[in-house]
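**Student:** this is a predicted model, with the sequence first.
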Amino acid sequence: MDFDILLRALTSYFVIINPIGTAMVFHSLTDGGDRAYSPRMAPRAVLISTVIVFLFADRSTKGHTSALILAVLLSYVLVLSGILLAHHIRRLIGKTGDDILRRLLGVVLCCTGYSVCCRWCTPVGYWIRENN
């Protein structure tokens with residue numbers, strides 16, 4: 001397994017899935033209800049979202065499948081941990097910390113997208129120049 005691919009995939013999934021933000025959304029949706037409801041629903045929500053990601057996964061990544069599967073599973077383990085600890089995280093970081101984390105992860109997502117676009121556009125540009 002290529003560690004570089006695993007690290008890139010884990011970073012991408014971490015930023016896209018945003019475990020801390022997901023935990024805050026889950027906490028706000030289940031806040032005020034039965035205290036046993038949240039721990040019961042957390043594994044179900046994570047399992048369903050993991051299955052959805054695997055169903056719509058890109059099947060063209062030959063040779064890197066194990067790294068991508070591991071990255072998705074690690075990301076969702078972090079999501080489950082964040083959801084189960086959401087009440088404590090929310091109390092610790094507060095509204096301002098939540099806003100800062102959202103903006104910071106948004107910037108990282110933008111940089112990741114820019115990097116992917118640059119990597120894709122460079123070969124396409126060379127191909128266009130060579131064929132015209």
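**Tutor:** Good, I have the coordinates.

**Student:** ok, the residue lying closest to residue 93 once chain neighbours are set aside - how many residues close by?
**Tutor:** Ranked by Cβ to Cβ, 6 or more residues apart in numbering and with sequence neighbours excluded, the top spatial neighbour of residue 93 is residue 101, at 7.0 Å. In this view, the C-beta of every residue, glycine as well, is placed from N, C-alpha and C. The local packing count at residue 101 equals 16, with neighbours defined by other Cβ atoms under 10 Å.

**Student:** so residue 101 is in contact with residue 94, correct?
**Tutor:** No: between residue 101 and residue 94 no contact is recorded; they are 10.8 Å apart, counting by Cβ atoms under 8 Å.

**Student:** the one helix or strand residue 76 maps to packs against which elements?
**Tutor:** Residue 76 belongs to helix 65-84 when assigned by DSSP states H and E. Packed against helix 65-84 by the contact rule (3 or more Cβ pairs under 8 Å, 6 or more residues apart in numbering; DSSP states H and E) you find helix 3-17, helix 19-30, helix 37-55.

**Student:** okay if I get the ones you listed as CSV plus mean pLDDT, mean neighbour count and distance to residue 73?
**Tutor:** Putting the helices and strands packed on helix 65-84 into CSV (pLDDT from 0 to 100; neighbours: other Cβ atoms under 10 Å; distance: least, Cβ to Cβ, whole Å) gives the following:
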stretch, mean pLDDT, mean neighbour count, distance to residue 73
helix 3-17, 83, 17, 10
helix 19-30, 78, 19, 13
helix 37-55, 87, 14, 7
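
**Student:** make a markdown table out of these and add distance to residue 130.
**Tutor:** Formatted as a markdown table, the entries for the helices and strands packed on helix 65-84 read as follows, by distance: least, Cβ to Cβ, whole Å:
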| stretch | distance to residue 130 |
| --- | --- |
| helix 3-17 | 28 |
| helix 19-30 | 43 |
| helix 37-55 | 37 |
